[in-house]
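Colleague: Below are the sequence and a predicted model for it; my questions follow.
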Number of protein chains: 2
Amino acid sequence: MIKKNINASVIFHIIKLSETWKRNGDNITQEFGITTQQWFILLLLVKDPNILYFKLNPHEKPLMAKELAEALNVSRANVTNLLNILIKKKLVAQVEDSFDKRRKRLSLTDAGIRMVEKIEKVRNEYNKRLFAKFSKADKETMIEFMNTCLMGMNNQVLLK
Amino acid sequence: MIKKNINASVIFHIIKLSETWKRNGDNITQEFGITTQQWFILLLLVKDPNILYFKLNPHEKPLMAKELAEALNVSRANVTNLLNILIKKKLVAQVEDSFDKRRKRLSLTDAGIRMVEKIEKVRNEYNKRLFAKFSKADKETMIEFMNTCLMGMNNQVLLK
DNA sequence: AAAAAACAGTTAACTAGGTTAATTAATTTT
DNA sequence: AAAATTAATTAACCTAGTTAACTGTTTTTT
């Protein structure tokens, strides 16, 4: 009924890749007692420069929950839930902004920083093996391709 | 604290791309009253040849729930839940296998087939615009890159 | 041929991650 | 001073996922 189609095939590959990577990510983070999603929040709070959000929105001050919601593309209420888990685990601390009492600034605790550092070693090792067969140019080609796709996707949304 | 790293950047691009695509997919399927996940099950049941699972596991007979679980990489119990929703929506029908009463064969109802056909038009149009800037060779390069990654990832899992 | 093992599916109780709508409190705008 | 906006929370809910215990059928073993 449905015919072979290279566009559809590209999409299915991207999804499969992302899912597989996430599943492997879960294996890694599980050993540290957190989920991939929770780990991703820790990376946002230490401002991992590889995260796309920071390329478009450079940040000086510690992030607020509102910005976290923006970066993760989820609702503000959901971020409250996610943060409560990380705060209960003593990985994240929330401090009232002294200039604007509505705001709360987020930062990692010492335990949070240590955890990110430990996971970072595993991640780098894992990625290094994963991409062993590719040259720097290969990777740059990939990134360019994906950036073009991302721009196309955002335009298609805006057209609505 | 964390340095720039092209490997990490590639991964974040893949994740972002997959998420954005999924969100846009939700926009499309929502209009038809289903989720992206439910739509994906419909595509598996009509054996969309672009799905990676069928490239590795060609199938003659109608799929069983067990195979759906394998293709989606989720638990058997979860598939029961997902199917119940689609059966309630009268998009999927389940028929006992006459040779082995344990098995139940799955197929789309007429309404299910019509829905897939309608969504198919929207999907093709969407993908065509999305990849307008790329040549066939570009797309093939991408697929090859992603296939190599996928093989690498599976090996890393097996090493455990 | 009876017992044991394997298989396909379901149910129940649970978790993670997500949503919207209503509410509180602080700060800005008019 | 009143109204509007902003940041965060809470409550009630949904979807997608899990494991463990169970039912019934078919196959394998002895």
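Modeller: That came through, no problem. Numbers count the residues shown, from 1 in each chain, chains lettered A, B, ... in the order given.
Colleague: CA atoms for contacts and neighbours, from now on please.
Modeller: Will do.
Colleague: Can you point out the buried residues in stretch A:136-145?
Modeller: Neighbour counts over stretch A:136-145 (16 or more other Cα atoms under 10 Å in any protein chain shown) mark A:Lys139, A:Met142, A:Ile143, A:Phe145 as buried.
Colleague: Specify which member of the residues you listed is nearest to B:Lys88.
Modeller: Nearest to B:Lys88, judged by Cα to Cα, of these is A:Phe145 at 40.7 Å.
Colleague: I'd assumed A:Gln94 was in a strand, is it?
Modeller: Yes: assigned with DSSP: H, G, I helix; E, B strand; the rest coil, A:Gln94 falls within a strand.
Colleague: What about it, how many residues nearby?
Modeller: 17 (other Cα atoms under 10 Å in any protein chain shown).
Colleague: Quick check: pLDDT value at A:Lys55.
Modeller: With respect to pLDDT, A:Lys55 has a value of 89.
Colleague: What ranges in chain A fall below the confidence cut-off?
Modeller: For chain A, the stretches flagged by pLDDT under 70 are A:155-160.
Colleague: switch the cut-off to 80
Modeller: A:154-160 (pLDDT under 80).
Colleague: Near DNA strand D, which residues of it? Just list them.
Modeller: Taking Cα under 7 Å from any atom of the strand as the criterion, chain A approaches DNA strand D at residues A:64-67, A:76-78, A:80-81, A:102-105.
Colleague: helix or strand for the residue nearest the centre of chain A, which one?
Modeller: Ranked by distance to the mean C-alpha position of chain A (Cα atoms, centre = their mean), the top residue is A:Phe40 at 4.5 Å. For A:Phe40, the host element (DSSP states H and E) is helix A:36-45.
Colleague: how far is that helix from where the chain is centred?
Modeller: Its chain's average C-alpha position is 6 Å from that of helix A:36-45, according to Cα atoms, centre = their mean, to the nearest Å.
Colleague: what's the answer for stretch A:141-160, then?
Modeller: 18 Å.
Colleague: Who are the contact partners of the residue lying closest to A:Val10 once chain neighbours are set aside?
Modeller: Sequence neighbours aside, B:Ile143 is the residue nearest to A:Val10 in space, at 6.0 Å (criterion: Cα to Cα, 6 or more residues apart in numbering or on different chains). Applying Cα atoms under 8 Å, 6 or more residues apart in numbering or on different chains, we find B:Ile143 in contact with A:Ser9, A:Val10, A:His13.
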